[in-house]
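*Asks:* Next comes the sequence, and after it the predicted model I'd like to discuss.
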Amino acid sequence: MKNTRILSAILAMLIIISAFAGCGGKDEPRQTVEVTDAVTTVAEETTPADLRANFKDSLPSDINLNGALIRFTARNGDVDTASEFFAESMNGEVVNDAVYERNLKVEERLNCNIEYIPQNVNCHGGFGSVVTKSVTSGSDDYDIVANMMYDNMSLVLRGFYLDLNSLSYLDFDMPWWNRAFHDVIEYNGRVYSSIGELAQTVISGTFVMFFDRTAFELLHPDEQSVYTTVDEGGWTLDKLIYYCSTVYSDLNGNGEADEGDRYGHFFTNTQTLGADSFTGGCNIKLVDKLDDGSYVYNGVSERAISFCEKMYELLFLNNNTCRLPYNNEDIMKTMVNGETIFTTWMLSGVNYLRDMENDFGIIPMPKLDELQESYTVYTHDGSTAFSIPITCKNPEDTAAVLEALAAETYRTTTPAYLDTALKGKYSRDAETARMLDVIIDGIYPDLGYIYGNNLGSPIGIMRRIFASASACEKAASTLASNESAILKKMDKIISQYEEIQP
């Protein structure tokens, strides 16, 4: 699985590395790259920018769907979900036009028609009731369902979807699919949902750390670049705490640590997605699948307890962290105002920094410690996952369209989003390109996150723990008290899988 992720990351990010201004300072010599795969060989001289565009899929060259209509239903309740899959026409906006051209190219290539059926719900809400009504009534309303990840898993467990592994054209070894997600949710060789680059929210929903580069260099003039620390593998919770421990200042002069002062770090003072970002970054898998297919609860492990202890120090000691009710569109407020250096949010949070005067940077979430092999990260559990309902009348045609859309997204749409939307509009430095490489390579699925409420929301436990100092002090007992309930829910999930007909 690790080798698959590495291959995916190399091919997925080389184009971005070359496209971001200033990455190399001068033209690099052309190089010969050979990628051997059952279906792909690039042996001629090529530039990194060619790798995505020339990466072939495994669909037959003569495939013809004879005008088949494929109904694609998805969320469009907010800006993130509305831009993932459909564009009405070309309008000069790069991502919009890339989506439009992708859909048109797939229709022409496969000789099919794609009908987009929007559901007016956002990235935080699913449309499970819509799918439930359709499937239980036996209606052939939709061919592809694009729903939020954890909401979609509830529908999987109700037996509403086809086994994607049984369909001819889907190739989950390709870099446009997240093979790690596939492996984690696979049960007895069957998979009913998948995620990948076709969902722009998988990238925009990835948790990252934003930092005020200007303020950091001013307040830590003798420290090496944060980017260098990341590159050397030393970007850890302890390092973040160290950076934050010396910068507090009573800027408003009222003798109290409150709003308007300067802190190292911002974290919302209620239950927040900030807990998700640190839990994923420190690779705390509360529920894990072992190599033999069994499941374990890690909430009582030394790693989980150490994580909570370090988070307590970061969030509640020495004025390291400013805690205010700012959230969502206000999450970057203290950083924009020069009151904090570090803030964590999804990558889409870059939209809230467009007017920031100081230079900012984007880096991975810190590791628990330097023993952690690599930087890891969650993508928001509201990111989009794909399934094919059992009521679909032409599943093989549908699978061909889904694979073609995913492949074309990898070749053209993702570069448009990352290169133009992020680099062109928002990025302040060349190092951001390298950091995006590290960040996206680190996306990994966590069982507790994927199954969400079906497991009693393990991530909700972490959100509650980090909501207050008193809750964080009781982290060990809280985590231990949830072990039995979570494992029982995992047993129920297994029973539900057993009831689903292959």
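*Replies:* Arrived safely, thanks for sending.
*Asks:* Can you give me the buried ones in the one helix or strand residue 243 maps to?
*Replies:* Take DSSP states H and E as the rule and residue 243 turns out to sit in helix 237-244. The neighbour-count criterion (16 or more other C-beta atoms under 10 Å) identifies 237-241, 243-244 as the buried residues of helix 237-244. Heads up, the C-betas are built off the backbone N, CA and C, glycines and all.
*Asks:* Break this protein down into its domains, please.
*Replies:* 57-204+382-426, 207-377+444-499 (automatic domain parsing).
*Asks:* Dump the buried residues of helix 237-244 into CSV; add distance to residue 86 and pLDDT as well.
*Replies:* Shown next, in CSV, are the buried residues of helix 237-244 (distance: C-beta to C-beta, whole Å; pLDDT from 0 to 100):
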residue, distance to residue 86, pLDDT
237, 41, 98
238, 45, 98
239, 43, 98
240, 40, 98
241, 44, 98
243, 43, 98
244, 43, 98
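*Asks:* for those, which one is nearest residue 480?
*Replies:* Nearest to residue 480 out of the buried residues of helix 237-244 is residue 237 (C-beta to C-beta; 21.8 Å).
*Asks:* Excluding chain neighbours, what is closest to the closest one?
*Replies:* residue 310 (4.4 Å; C-beta to C-beta, 6 or more residues apart in numbering).
*Asks:* Give me the three-state assignment for the one you found.
*Replies:* helix (DSSP: H, G, I helix; E, B strand; the rest coil).
*Asks:* same thing with the one 5 residues further on?
*Replies:* With three-state DSSP as the basis, the three-state label of residue 315 is helix.
*Asks:* Next one: the closest residue to it other than its chain neighbours, what pLDDT does it get?
*Replies:* Nearest non-adjacent residue to residue 315, counting by C-beta to C-beta, 6+ apart: residue 321, 5.0 Å away. Listed pLDDT for residue 321 reads 97.
*Asks:* residue ranges with poor pLDDT in this structure?
*Replies:* Applying pLDDT under 70 to the chain picks out residues 1-49, 122-126, 421, 423-427, 502.
*Asks:* Mind doing that once more with 80?
*Replies:* 1-50, 77-82, 121-126, 293, 419-430, 433, 437, 501-502 (pLDDT under 80).
*Asks:* Show me the residue sitting in the middle of it in space.
*Replies:* The centre of the chain sits closest to residue 379, judged by C-alpha atoms, centre = their mean, with a distance of 2.4 Å.
*Asks:* residues contacting that residue?
*Replies:* Taking C-beta atoms under 8 Å, 6 or more residues apart in numbering, we find residue 379 in contact with 195, 201-203, 205-207, 443.
*Asks:* can I get the residues you listed in a markdown table with secondary structure, neighbour count and distance to residue 95?
*Replies:* Listed next are the contacts of residue 379 as a markdown table, based on DSSP: H, G, I helix; E, B strand; the rest coil; neighbours: other C-beta atoms under 10 Å; distance: C-beta to C-beta, whole Å:
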| residue | secondary structure | neighbour count | distance to residue 95 |
| --- | --- | --- | --- |
| 195 | coil | 24 | 19 |
| 201 | helix | 27 | 13 |
| 202 | helix | 23 | 15 |
| 203 | helix | 22 | 11 |
| 205 | coil | 24 | 15 |
| 206 | strand | 24 | 17 |
| 207 | strand | 26 | 21 |
| 443 | strand | 24 | 20 |
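*Asks:* closest to residue 369 among these?
*Replies:* residue 207 (18.8 Å).
*Asks:* unless I'm mixing things up, the closest one is touching residue 345, no?
*Replies:* Yes - Residue 207 lies in contact with residue 345 (C-beta atoms under 8 Å); the separation is 7.2 Å.
*Asks:* joint contacts of those two?
*Replies:* Contacts common to residue 207 and residue 345, judged by C-beta under 8 Å, 6+ apart, are 273, 277.
*Asks:* where exactly do the helices run in the stretch 201-350 of the chain?
*Replies:* 213-219, 226-231, 237-244, 274-281, 302-316, 333-336 (DSSP state H, counting those that start in this stretch).
*Asks:* mind checking how far residue 374 is from residue 439?
*Replies:* Residue 374 sits 11 Å away from residue 439, going by C-beta to C-beta, to the nearest Å.
*Asks:* The two: who's more crowded?
*Replies:* Neighbours were counted for residue 374 and for residue 439 using other C-beta atoms under 10 Å; residue 439 has more, 26 against 14.
*Asks:* quick revisit: determine which two of the contacts of residue 379 are furthest apart.
*Replies:* It's 195 and 207 that sit farthest apart of the contacts of residue 379, by C-beta to C-beta, at 15.2 Å.
*Asks:* one step back: how about a markdown table for the buried residues of helix 237-244, with distance to residue 290 added?
*Replies:* As requested, these are exported to a markdown table (distance: C-beta to C-beta, whole Å):
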| residue | distance to residue 290 |
| --- | --- |
| 237 | 26 |
| 238 | 29 |
| 239 | 31 |
| 240 | 31 |
| 241 | 32 |
| 243 | 36 |
| 244 | 36 |
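*Asks:* Of those residues, which is the nearest to residue 362?
*Replies:* Out of those, the member with the shortest distance to residue 362 (by C-beta to C-beta) is residue 240, at 14.8 Å.
*Asks:* Verify the stated contact: that closest one with residue 311.
*Replies:* No - contact criterion C-beta under 8 Å: residue 240 and residue 311 do not qualify, at 10.3 Å.
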